[in-house]
Each structure stands twice: as structure tokens, then as C-alpha cells.
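can't give you the sequence, but here's the structure:
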């Protein structure tokens with residue numbers, strides 16, 4: 001799936017770039033670039049991690065169970081490299097952005113002589129490049145018909161065990177290149193036409209992470225757990241929602 005999406009993305013980008021030489025930018029001869037920032041909500045299927053949590057919750061020392069990981073929230077900031085307006089109010093943009101998402105789940109530990117807390121914190125970061133195609137059907141409202149991007153993902157996990165006497169912290173990180181993608185559609189509402197707008201986007205994001213390792217090369221799932229957890233740490237992505245503020249300015 002990712003292979004075919006990559007071909008589609010590259011094809012659209014080349015087609016759009018070629019057309020830029022024969023079409024006008026923005027207002028007449030002006031090209032527009034800009035930046036944006038906003039809030040992101042991402043659902044994902046952490047199949048392997050949630051199986052680990054189910055097994056961990058069965059321990060006698062667990063006083064209150066840990067919830068499963070199903071979503072993360074955070075922010076994204078980015079740049080529109082160019083935005084070209086074609087006949088019939090069709091708008092094509094190329095962009096890049098950085099995104100940081102986070103989710104922390106906690107559980108209480110209870111024993112005869114010791115009380116404590118166990119927590120897992122997922123930090124999901126990615127760089128992305130993409131292209132979108134929109135249609136401006138009024139001076140105020142535009143429909144972003146297709147928003148597509150390729151993601152270069154990095155996932156970190158911090159495992160913390162805190163008791164009355166000490167805190168043990170383990171840090172794990174995804175290994176190698178983890179490439180994913182996102183596709184979506186949305187609505188843009190202009191506050192100041194071509195300069196300031198608010199955008200809402202909904203779509204699907206694909207992410208897949210096999211396992212995480214620490215600095216010593218030890219995997220988060222130990223050999224015993226690996227024999228009973230026959231799933232990836234994160235199996236797949238899911239629904240994504242973004243609300244962002246766009247700011248544009250012309251290139252003279």
C-alpha cells in the first residue's frame with residue numbers, strides 16, 4: 001500500500017511542478033508561501049503494547065490497572081513551500097511539517113510494605129512532506145479535496161517505576177527508518193483571504209513499529225514476552241483530526 005501511495009505522491013508532485021511553469025500563482029504573478037501550526041489527534045492500534053499491558057495488569061502487585069494506548073495528541077508546525085492557483089479555482093500546495101504527539105498512561109502499585117506508580121509514556125514524532133489539492137468555491141470557504149503526505153516516524157517509550165525508595169527509568173526507541181503516510185480531506189475558512197485562514201482536516205494516518213530498543217540494544221519485549229506477544233508494538237494507524245492556523249505571504 002505504501003509503495004503505491006508513494007508512486008501516486010511523486011506523480012502528483014511532478015505533474016504539479018511541471019504545470020507551475022505555465023500557470024499563474026496566487027494573484028496574477030504572485031506566488032504565496034506560508035507557515036502553519038495547530039493541534040493533532042491521532043488514533044492508532046498499539047497491538048503489541050496493549051497485549052503487554054494486559055499481561056502486566058494481571059500481576060498481584062497492581063493496585064489499579066493501566067489503560068490501553070489508543071490515541072495520542074500534540075501539535076504540528078510546518079511550511080507551505082508554494083501555493084499555485086489554477087483555472088476553475090483549483091489550488092495546489094506543496095508542504096513540509098514537523099509533528100510531535102504524546103500519551104502517558106499510569107497504574108498504581110500496592111504491596112505489603114511498598115506503594116508506587118508504574119507509567120508508560122509514548123512520544124511519537126515525525127517529519128513529513130506532502131501535497132494537497134483544493135477547490136475554492138467561495139471567497140471565504142475552500143474544500144481541501146485531497147491532502148497527502150509521507151511521514152518519517154520516530155517513536156520513543158519511557159518506562160518508569162516509582163516506589164517509596166527509588167525510581168527506575170527505562171528509555172526505548174524505534175530502530176531504523178519507519179515510513180508511513182497520511183491521506184485526508186478538509187475545509188479551509190479564510191479570515192483574511194490568502195493571508196490568514198483556519199483549517200480543519202480529517203483523514204487516515206498509517207504507522208507501523210515492530211519493536212523498540214534501548215541504548216544497550218535490549219528490546220522492550222523480552223524473549224519471554226516475545227513468545228506470547230506475536231504482534232508489532234504498533235500494528236497500524238487510524239483516524240486523524242487536525243485543526244490549524246495558516247498564515248501566508250506573497251513572493252514578489
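Received it, and whenever you're ready, just let me know what you need. This one's a predicted model, so the numbers in the text were calculated from it and none came from an experiment. Numbering: from 1, shown residues only.

how about the strands in the stretch 101-250 of the chain?
Taking DSSP state E, counting those that start in this stretch as the test, the strands found in the stretch 101-250 of the chain are 115-136, 141-163, 167-174, 178-192, 196-206, 212-213, 238-251.

list the pairing partners of the fourth one within its sheet, with orientation.
By that I understand strand 178-192. For strand 178-192, the paired strands and their directions (DSSP bridges) read strand 141-163 (antiparallel), strand 196-206 (antiparallel).

give the buried residues for it.
When burial is assessed from 16 or more other CB atoms under 10 Å, strand 178-192 yields the following buried residues: 178, 180, 181, 182, 183, 184, 185, 186, 188, 190. For glycine as for every other residue, the C-beta is placed from the backbone atoms N, C-alpha and C.

go on, stretch 117-126?
By neighbour count, and taking 16+ other CB under 10 Å as the criterion, the buried residues in stretch 117-126 are 118, 120, 122, 123, 124, 125, 126.

list the contacts of the last one.
So that's residue 126. By CB atoms under 8 Å, 6 or more residues apart in numbering, the residues touching residue 126 are 98, 99, 151, 152, 153, 154, 180.

circling back: now the strands paired with strand 178-192 in TSV, with mean pLDDT, distance to residue 109 and mean neighbour count?
Putting those into TSV (pLDDT from 0 to 100; distance: least, CB to CB, whole Å; neighbours: other CB atoms under 10 Å) gives the following:
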stretch	mean pLDDT	distance to residue 109	mean neighbour count
strand 141-163	96	7	18
strand 196-206	97	34	18
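
follow-up on the earlier one: with distance to residue 53 added, can I get the strands of the stretch 101-250 of the chain in CSV?
Formatted as CSV, the entries for these read as follows, by distance: least, CB to CB, whole Å:
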stretch, distance to residue 53
strand 115-136, 8
strand 141-163, 12
strand 167-174, 15
strand 178-192, 21
strand 196-206, 22
strand 212-213, 14
strand 238-251, 18
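
between these, which gets nearest to residue 33?
Ranking the strands of the stretch 101-250 of the chain by proximity to residue 33 (CB to CB) places strand 238-251 first, at 6.1 Å.

what angle do the closest one and strand 178-192 make?
Using axes from the mean of the first three to the mean of the last three CA atoms, to 10 degrees, the direction of strand 238-251 lies 50 degrees away from that of strand 178-192.
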